[in-house]
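**Student:** Would you be able to build a 3D model of this:
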Amino acid sequence: MTSTRDEPLLSVQGLRTHFALNAGLLKAVDGVTFDLRAGQTLGIVGESGSGKTVLSRSIMRLNLGNNVETSGKALFDGKDLLSLPMNQMTNIWGQEIAMVFQDPMTSLNPVVKIGRQVSEHVRKHLSLSRREARELAVQLLKSVRIPEAEVAYSSFPHELSGGMRQRVSIAIALACGPQLLFADEPTTALDVTVQHQILNLLGLQQSERDMAMVLVTHDLGVVAGRTDEIIVMYAGKIVEQASTHQIFQNTSHPYTEALLRSIPKTDQPSHTRLAAIAGRPPNLITMPSGCSFSPRCPYAQERCFEEEPPLTVTKEGHATACWYQVGTEANRAAWDKNLAAGRPATLAVAEGQVIDEVPIDIGAGGA
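**Tutor:** A predicted model of the protein is given here:
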């Protein structure tokens, strides 16, 4: 999964996507910057509403509408995708950049047979005859491990299982050999066994094609061992960014720590209560002052409610936006201070006002 190029295949610089709503300006993505090199895999992780899907759709120019404002740069192989005319952008879709969507029942046409949906895609971009397109479509279905590919070719989407439909979506995305693939929650609503198969399939196809991939998910367990680098997003911004190894071994943001604790552990007894993150994500129209995670953070101090922490980068390339990073003396002191004040029992506390009372296990804190 290591890039052989010196220059990034994709360079996103200060990307912002805002939606003008009747209630106000919703800042879904607010100043995101990252690089992705050819052959690498990037994981983008966060809760629902963190901005990760809007980010990937913004790069592909899929957030359409008069109320959408996107700014910044998304340089793909030297071309700024955000400034390209739409007719040039449509030529890039499928051939150079593709996406596997979250729900194949909404991305596939329910009244059109699978074969036509795959073959029309390759005929449009590769200028193949009808027979050549059919042969290639069947080969694509076989390449994504669909048994009896010829039967699936003549089937409607509803005649296939959820896992098979997702494999069809992957086949369509890979049909024209893109350099970059966005996989937006590709395993949502699939059972655990099928999730594992789909993720393995994506990894295999990426390795065979030397393709860069962005894996968007809410589950850190999905990206463990499958990505080179991870971006953790919260409230439209990057709160932590580092190599996958650093994220898991040297977690530095309290939100990332909370996401890790929420992953079920195989060594726990059955029926063990999951460690949910207290509170709820902020309203992106009326954002709180200071750190956006402060109302839910067990380490939050007065400074956190007043000043927004910048994204600082260590010499190892580990970027974090937090005043009291996990594992530091300041973090432990903040935990002890909140524990003495009784705050960790209700994480969502700001200026003495309880926003959302959610009890947590204070015995696990600060470690």
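
**Student:** Am I right that residue 98 falls within a strand?
**Tutor:** Yes: counting by DSSP: H, G, I helix; E, B strand; the rest coil, one finds residue 98 located in a strand.

**Student:** does it really touch residue 177, like I thought?
**Tutor:** No: at 9.2 Å, residue 98 and residue 177 do not qualify as touching, with contact defined as CB atoms under 8 Å. The way it works is simple: take the backbone N, C-alpha and C, and place the C-beta from them, glycine included.

**Student:** More neighbours: which of these two?
**Tutor:** residue 98 (25 against 13; other CB atoms under 10 Å).

**Student:** And for the closest residue to residue 162 other than its chain neighbours, the neighbour number?
**Tutor:** Distances taken as CB to CB, 6 or more residues apart in numbering put residue 190 closest to residue 162, at 5.6 Å, once the chain neighbours are dropped. Residue 190 has 19 neighbours, counted by other CB under 10 Å.

**Student:** can you tell me how far residue 190 sits from residue 239?
**Tutor:** 28 Å (CB to CB, to the nearest Å).

**Student:** so where's this protein uncertain?
**Tutor:** Within the chain, the segments meeting pLDDT under 70 span 1-5, 344-367.

**Student:** how about the helices of it, start to end?
**Tutor:** Using DSSP state H, the helices found in the chain span residues 52-59, 86-92, 104-107, 114-126, 130-143, 149-153, 162-174, 192-209, 220-223, 244-249, 254-261, 302-306, 329-340.

**Student:** Reformat those into CSV and put mean neighbour count and distance to residue 20 next to each item.
**Tutor:** CSV is the format used below for these (neighbours: other CB atoms under 10 Å; distance: least, CB to CB, whole Å):
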stretch, mean neighbour count, distance to residue 20
helix 52-59, 24, 14
helix 86-92, 13, 20
helix 104-107, 16, 25
helix 114-126, 19, 34
helix 130-143, 18, 40
helix 149-153, 18, 43
helix 162-174, 24, 31
helix 192-209, 16, 35
helix 220-223, 20, 33
helix 244-249, 17, 34
helix 254-261, 23, 28
helix 302-306, 16, 28
helix 329-340, 16, 38
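
**Student:** Dump these to CSV, plus distance to residue 229.
**Tutor:** Compiled in CSV, these are given as follows (distance: least, CB to CB, whole Å):
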stretch, distance to residue 229
helix 52-59, 14
helix 86-92, 23
helix 104-107, 26
helix 114-126, 30
helix 130-143, 27
helix 149-153, 35
helix 162-174, 21
helix 192-209, 14
helix 220-223, 9
helix 244-249, 6
helix 254-261, 13
helix 302-306, 26
helix 329-340, 23
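
**Student:** Quick check: which of the ones you listed is nearest to residue 75?
**Tutor:** For the helices of the chain, proximity to residue 75 was assessed by CB to CB; helix 52-59 is nearest, at 10.2 Å.

**Student:** So which elements touch that closest one?
**Tutor:** strand 10-21, strand 24-36, strand 41-45, strand 68-76, strand 180-184, strand 212-217 (3 or more CB pairs under 8 Å, 6 or more residues apart in numbering; DSSP states H and E).

**Student:** Please enumerate residues in contact with the last one?
**Tutor:** It refers to strand 212-217. Residues outside strand 212-217 that contact it (CB atoms under 8 Å, 6 or more residues apart in numbering): 3, 9-10, 36-45, 52-53, 56, 179-187, 202, 206, 222-223, 226-227.

**Student:** Let me see the contact set for residue 307.
**Tutor:** Contacts of residue 307 (CB under 8 Å, 6+ apart): 290-291, 323.

**Student:** who wins for most neighbours among the residues you listed?
**Tutor:** When neighbours are counted by other CB under 10 Å, residue 291 leads the contacts of residue 307 with 27 neighbours.

**Student:** Next, work out how far apart residue 283 and residue 25 are.
**Tutor:** Taking CB to CB, one finds residue 283 at 12 Å from residue 25.

**Student:** Same question for residue 16.
**Tutor:** Distance from residue 16 to residue 25, counting by CB to CB: 11 Å.

**Student:** neighbour-wise, which of the two wins?
**Tutor:** residue 16 (16 against 12).

**Student:** Looking at strand pairing, list the partners for that one.
**Tutor:** Per DSSP bridges, the residues bridged to residue 16 are residue 30, residue 71.

**Student:** Just the buried residues out of the contacts of strand 212-217, in ChimeraX syntax.
**Tutor:** ChimeraX command restricting these to the buried ones, with burial defined by 16 or more other CB atoms under 10 Å:
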select :3,9,10,36,37,38,39,40,41,42,43,44,45,52,53,56,179,180,181,182,183,184,185,186,187,202,206,222,223,226,227
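
**Student:** Next, the residues that contact stretch 312-326 from outside, please.
**Tutor:** Contacts of stretch 312-326 (CB under 8 Å, 6+ apart): 237-243, 246, 250-254, 256-257, 291, 299-301, 303-304, 307-311, 330-331, 334.

**Student:** mind saving the C-alpha coords of that stretch as PDB?
**Tutor:** In PDB, the C-alpha atoms belonging to stretch 312-326 read as follows (Å, rounded to 0.1, in the frame of the first residue of the first chain):
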ATOM      1  CA  THR A 312      -0.600  21.000  15.700                       C
ATOM      2  CA  VAL A 313       1.800  18.500  14.100                       C
ATOM      3  CA  THR A 314       4.700  16.700  15.900                       C
ATOM      4  CA  LYS A 315       8.000  15.900  14.200                       C
ATOM      5  CA  GLU A 316       6.600  12.400  13.600                       C
ATOM      6  CA  GLY A 317       3.800  13.900  11.600                       C
ATOM      7  CA  HIS A 318       1.000  13.200  14.200                       C
ATOM      8  CA  ALA A 319      -1.500  16.100  14.100                       C
ATOM      9  CA  THR A 320      -3.900  16.800  16.900                       C
ATOM     10  CA  ALA A 321      -6.300  19.700  17.800                       C
ATOM     11  CA  CYS A 322      -6.500  19.500  21.600                       C
ATOM     12  CA  TRP A 323      -5.300  21.600  24.500                       C
ATOM     13  CA  TYR A 324      -5.000  18.600  26.800                       C
ATOM     14  CA  GLN A 325      -3.800  15.700  24.600                       C
ATOM     15  CA  VAL A 326      -4.300  12.100  25.800                       C
END
